[in-house]
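# With the input below, show me the fold.
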Amino acid sequence: MVRMSAVTRSGASVLLVACFAAACHGGGGDATGTAPNSTHQINASPANMGYTAANPGSPPPSARTVTVTVTPNSGTLFFRIVPTGTAASVENIQMLAPNQVRFTVRPASPATLQAGNHASVITVAVCNTDANCTGAQITGSPITINVGYQVGTPPPTPPPAPPPASLAPSVGAASAAGNVVLRGTGFSQVNSVSFGATPALEFTVMSDTEIRATYPALAAGTLPISLSASGVPVPFSQSLTLVPAGTLATATLAYTQPVENMRGLAFDPVTQTLFVGIGLASPTSNQVLAYTFASGAWQLPIPATVANLRNLALSLDRTRLPALTDTTVVDLNPATLAQQALPTTLTAVSDPFLKGIVATNDGQAFIVSSSQTAPGQHYLYNLAAHTFTGPTASYSSPEVGGPDNGTRAVIIQSGAQTVQQYNAFTGLVSATPLVLAHFHPVAGRVENINLPAFDRDGNRMLVAGLSGGTAFHAVFDANFSELGRVPSTDVVSSNQVNTAAYALSPDGTRAYILQIGAGNVCRVRAFDLTVSPGPGALYQEVTVVGFPIDLSPISNCPSSGFDQASRILVNPPGDTLFIAGNQKIRVVRLP
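Got it, this is the predicted structure:
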């Protein structure tokens, strides 16, 4: 009969006590180790062992079982196992017979060891004097088992994949000069850029993968972009489409059913289609609506159900309409609203819902998640591959916005937090000099309200902030220095009205605000941004005939109040506003 004490651990040592016979050993290999010229023989099988891993990122090798036998088995034997080194550990010690023990040698994780040669030595002491073997040991004791472990060098990091060829913005206004950003490869030697047959007014080769160019005022149409290096064409497959002003009609567009909230707004100026996301009483019935202007009138919307829809964005090349849900992106075809690919559901979303989305010119969509109880995070979604990277970073109730040229996404947060910025050229998020407490009028900050608004080139940003409990709406330059402000509140016939939404003109010369309040007030005001009044001071209001634009009565207002999600878009020629909220969509021609 075998009688065994509890296993005792002290530091790196493992102590096993057994009557008549016991065993304890560690090691590997396939040979049998024997202590020669002794009364007792201590045999370990295997006696030594080796492990290998291809690189630190490899999974750990399988553990191995070692059996140790002591012969002859006379008297009470005590065993002490002491593993040293970093290669492996000993566990699962079991007595098989009065003179035989079995245990497991488990190799360490390659990620812990890193590349190189590593070793452990497992010393087995056997005695019949005391449990700690502090007295004399039996002849042949101790024995040692060597464990070798080689972790290979990690494979070289492959060079980053070149960005997909892109042009942003891909649509501009006819008869007006504009700036674009070209992304691709092989640009380092480019010394000629043309739009159709017309050379660029100027261009700068930023790197082998990016060019920034200015085109002159050109007629409406689609212009292929040609690049060359000393007369040799450089492949680039993108085209610029210029659209004329004055083609869209003023309208009040009704929803097809009662709407709880507006969840996303995008416009394709080439097909003249307005995309609006709506949240319904049952979130699984949420929809994307497509309103197209054709034959001189706005057509009835095409609907597509997107369960748990949160937001949407139009890709920079206008070929994809990524619709953001609580847990994934549903890729819609802008022409039909048919789903283009099966969504890739995130397997581990630490936050309750995804919330904000911005298309960037590196082929990605920058996405932020939000939560009422935990920090938000950000993801990158590859539009072509339908894959997520992330989550990354930690934010306090983040909101996100970005310019039409796709160069960046700006993240603002609740509380006095440093504004963060994703750079599409580097693929990195970094802190900006601006510390801002974002103003959101609803506790919980579930809906997208008061998102950062930009001009076409990203030279101006308008956003709502909070200071000392008072809301303000400030304009910042590309370096995040404040240039001036537009009103957050106003008084009309003794009634307070509040700014519910805002936008900047494509050229950055005007700001437009939607104000809603008691007394049936629903109006659009415009402000001239050509002269900066300085931090904290208000810009001069535009007072030409037609401003402010009256959208009353309140029943015809896009939103029922400033605490509802509302959004304003401006078309590329800058002559039409699209304003959407929880009540209606207003298409407004500007004076």
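# Every contact and neighbour count from this point should use C-alpha atoms.
Will do.
# Tell me the secondary structure at V276.
Recorded secondary structure, V276: strand (DSSP: H, G, I helix; E, B strand; the rest coil).
# How many residues are close by it?
Number of residues near V276 (other Cα atoms under 10 Å) recorded here: 25.
# Below-threshold pLDDT in the stretch 201-350 of the chain: ranges please.
Along the stretch 201-350 of the chain, the parts satisfying pLDDT under 70 run over 345-350.
# Hmm, T499 and Q515 touching each other?
Yes. Counting by Cα atoms under 8 Å, Q515 touches T499, with 4.4 Å between them.
# Report the set of residues contacting both of these two.
Common neighbours of Q515 and T499 (criterion: Cα atoms under 8 Å, 6 or more residues apart in numbering): T489, F562.
# How about the contacts made by the closest residue to A416 other than its chain neighbours?
Nearest non-adjacent residue to A416, counting by Cα to Cα, 6 or more residues apart in numbering: A437, 4.2 Å away. By Cα under 8 Å, 6+ apart, A437 lies in contact with I412, Q413, S414, G415, A416, Q417, G465, L466, S467.
# Tell me the most packed of the residues you listed, by neighbour count.
With neighbours taken as other Cα under 10 Å, the top of the contacts of A437 is I412, carrying 30 neighbours.
# tell me how far the one helix or strand F293 maps to is from the chain's mean position?
Using DSSP states H and E, the element containing F293 is strand 287-294. Distance of strand 287-294 from the chain centroid (Cα atoms, centre = their mean, to the nearest Å) equals 28 Å.
# Give me the contact list for that strand.
Residues external to strand 287-294 that are found in contact with it (Cα under 8 Å, 6+ apart): 248, 271-280, 298-307, 309, 337.
# cutoff 6 Å now
272-278, 298-299, 301-306 (Cα atoms under 6 Å, 6 or more residues apart in numbering).
# which of the residues you listed count as buried?
Burial by neighbour count, judged by 16 or more other Cα atoms under 10 Å, picks out 272-278, 298, 301, 303-306 from the contacts of strand 287-294.
# Farthest-apart pair in these, please.
W298 and V306 (23.0 Å; Cα to Cα).
# Please spell out which residues along the strand ranked longest in the chain are buried.
Using DSSP state E, we find that the single longest strand of the chain is strand 116-127. Within strand 116-127, the residues that count as buried by 16+ other Cα under 10 Å are H118, A119, S120, V121, I122, T123, V124, A125, V126, C127.
# isn't the first one right next to Y149, touching?
Yes. Under the contact definition of Cα atoms under 6 Å, H118 touches Y149, with a separation of 5.0 Å.
# Just want the most central residue of this protein.
Y379 (1.5 Å; Cα atoms, centre = their mean).
# what's across from that residue in the sheet?
Under DSSP bridges, the beta-bridge partners of Y379 are I367.
# what's the distance between M461 and P216?
Using Cα to Cα, to the nearest Å, M461 is found at 25 Å from P216.
# Neighbour count: the two, which is higher?
M461 (27 against 17).
# For the more buried one, list each beta-bridge partner.
Under DSSP bridges, the beta-bridge partners of M461 are F454, F476.
# surely it meets V475?
Yes. Using Cα under 6 Å, M461 makes contact with V475 at a distance of 5.5 Å.
# residues in contact with the closest residue to Q377 other than its chain neighbours?
Distances taken as Cα to Cα, 6+ apart place S394 nearest to Q377, at 4.9 Å, with adjacent residues excluded. Neighbouring residues of S394 by Cα under 6 Å, 6+ apart: P375, G376, Q377.
# let's see 8 Å
Counting by Cα under 8 Å, 6+ apart, S394 touches P375, G376, Q377, H378.
# just D331 next, same as before
Each residue near D331 by Cα under 8 Å, 6+ apart is listed here: R320, L321, P322, A323, Q339, Q340, A341, L342, P343.
# how deep is A537 tucked in, by neighbour count?
Neighbourhood size, A537 [other Cα under 10 Å]: 15.
# related to what we said a few turns ago, please enumerate the shared neighbours of H118 and Y149.
Counting by Cα under 8 Å, 6+ apart, the contacts common to H118 and Y149 are A87.
# related to what we said a few turns ago, ok, and for the strand holding F293, which residues are buried?
Judged by neighbour count (16+ other Cα under 10 Å), strand 287-294 contains these buried residues: Q287, V288, L289, A290, Y291, T292, F293.
# For these, give me a markdown table that also has distance to G519.
Below are the buried residues of strand 287-294 laid out as a markdown table (distance: Cα to Cα, whole Å):
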| residue | distance to G519 |
| --- | --- |
| Q287 | 32 |
| V288 | 32 |
| L289 | 31 |
| A290 | 33 |
| Y291 | 31 |
| T292 | 33 |
| F293 | 33 |
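# Would you enumerate the residues in contact with P56?
S109, P110, A111, T112, L113, Q114, A115, V151, G152, T153, P154.
# Recalculate using a threshold of 10 Å.
By Cα atoms under 10 Å, 6 or more residues apart in numbering, P56 lies in contact with 109-116, 151-155.
# Can you tell me which of those has the most neighbours?
Within these, most neighbours by other Cα under 10 Å means P110, with 24 neighbours.
# ok, it - contacts?
P110 neighbours (Cα under 10 Å, 6+ apart): 52-61, 87, 116, 149-152.
# Give me the buried subset of the residues you listed.
The neighbour count (16+ other Cα under 10 Å) marks T52, A53, A54, N55, P56, G57, P60, A87, Y149, Q150, V151, G152 as buried among these.
# quick one: which helix or strand includes the first one?
Under the criterion DSSP H and E, the helix or strand holding T52 is strand 49-53.
# before we move on, the earlier item: would you agree the residue nearest to Q377 falls within a strand?
Yes. The assignment for S394 is a strand, going by three-state DSSP.
# thinking again about what came up before, from the contacts of P110, which one has the minimum pLDDT?
Sorting the contacts of P110 by pLDDT puts G57 at the bottom of the list (88).
# Please report how far that one lies from A111.
As judged by Cα to Cα, G57 and A111 stand 6 Å apart.
# Quick check: neighbours shared by those two?
Common neighbours of G57 and A111 (Cα under 10 Å, 6+ apart) are V151.
# Just give the number of residues close to the nearest residue to H378 once chain neighbours are set aside.
Distances taken as Cα to Cα, 6+ apart place V368 nearest to H378, at 4.3 Å, with adjacent residues excluded. V368 has 26 neighbouring residues, counting by other Cα under 10 Å.
# mind listing what V368 touches?
Contacts for V368 were tallied using Cα under 10 Å, 6+ apart; they are 351, 353-358, 376-380, 391-392, 394-395, 397-400, 411.
# Is A111 in a helix, a strand, or coil?
Of the three states, A111 takes helix under three-state DSSP.
# Quick check: which element contains A365?
A365 is part of strand 364-370, with elements assigned from DSSP H and E.
# send the alpha carbons of that strand over as CSV?
Once non-C-alpha atoms are left out, strand 364-370 reads as follows in CSV (Å, rounded to 0.1, in the frame of the first residue of the first chain):
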residue,chain,number,x,y,z
GLN,A,364,-10.7,52.4,-44.1
ALA,A,365,-13.6,53.6,-42.1
PHE,A,366,-12.7,54.9,-38.7
ILE,A,367,-15.3,53.8,-36.2
VAL,A,368,-15.8,54.6,-32.6
SER,A,369,-17.9,52.7,-30.0
SER,A,370,-19.7,54.2,-27.0
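# how about low-confidence regions in the stretch 51-200 of the chain?
74, 160.
# At which residues are the strands of it located?
Listed from the start of the chain, the stretch 51-200 of the chain has strands (DSSP state E, counting those that start in this stretch) covering 64-71, 77-85, 88-97, 100-107, 116-127, 143-151, 166-168, 171-173, 178-183, 192-195, 198-199.
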